[in-house]
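Colleague: Structure, please.
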Amino acid sequence: MERFLFVMVLAGCIREDTSRLPGDPEGPLPKGASCYIDSDCAAGSVCVRTEGCWPQAELYTAHVTWTIQGMPPSATACATLPALTIEFDGGRPGVFTSFRPVACAEGKFTLQSLPPTVNMVKLGSRELGWKTAMINTSTGDAAVDLTF
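Modeller: Numbering: from 1, shown residues only. The predicted structure follows:
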């Protein structure tokens with residue numbers, strides 16, 4: 001019985017490294033490889049929101065602006081809308097990140113450290129539908145007109 005308790009106590013003290021899954025390669029991961037934290041990636045690369053390693057120099061900052069029926073957003077115009085969600089997408093399954101609720105009246109959402117494979121933004125809600133725009137990955141700019 002004493003051995004059993006000792007093994008249980010010892011097993012409770014072992015810390016599992018969850019930064020890699022079984023079968024993952026050892027050492028720094030190459031560009032585009034799945035990651036969970038920056039230290040999983042090669043030097044000069046970071047683990048981006050889509051869980052892939054990317055060289056820091058290749059990342060960009062997105063600046064998404066929107067209008068409502070062609071007009072600047074306002075508290076009054078946004079009051080009739082449900083909570084908005086913004087989704088940054090790469091056009092491939094599983095390559096996206098989203099945020100909700102989005103402050104509608106702000107009219108702008110900025111997101112740093114996006115890889116160039118994420119080049120589309122969707123803004124909307126399940127109730128109203130989605131409006132999509134391409135992101136210029138050189139400037140990071142995208143504009144959406146919410147015409148629900």
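Colleague: what about the most centrally placed residue in the chain, which SS state?
Modeller: When C-alpha atoms, centre = their mean is applied to the chain, the residue found nearest the centroid is residue 97 (3.1 Å). Using DSSP: H, G, I helix; E, B strand; the rest coil, the structure places residue 97 in strand.
Colleague: separation between it and residue 122?
Modeller: Residue 97 is 11 Å from residue 122, where distance means C-beta to C-beta, to the nearest Å. Every residue, glycine included, has its C-beta placed from N, CA and C.
Colleague: got it, and residue 49?
Modeller: As defined by C-beta to C-beta, residue 49 lies at a distance of 15 Å from residue 122.
Colleague: same check, this time on residue 74
Modeller: Going from residue 74 to residue 122 by C-beta to C-beta gives 22 Å.
Colleague: residue contacts, the residue nearest to residue 108 when sequence neighbours are not counted?
Modeller: Leaving out its chain neighbours, the residue that sits closest to residue 108 by C-beta to C-beta, 6 or more residues apart in numbering is residue 65, at 5.0 Å. Contact analysis of residue 65 by C-beta atoms under 8 Å, 6 or more residues apart in numbering lists 107, 108, 141, 142, 143, 144.
Colleague: need the next SSE after the helix or strand bottoming out on mean pLDDT in the chain, C-terminal direction.
Modeller: Least confident helix or strand of the chain, by mean pLDDT, DSSP states H and E, is helix 2-13 with a mean of 44. Next in sequence after helix 2-13, counting helices and strands by DSSP states H and E, comes strand 45-47.
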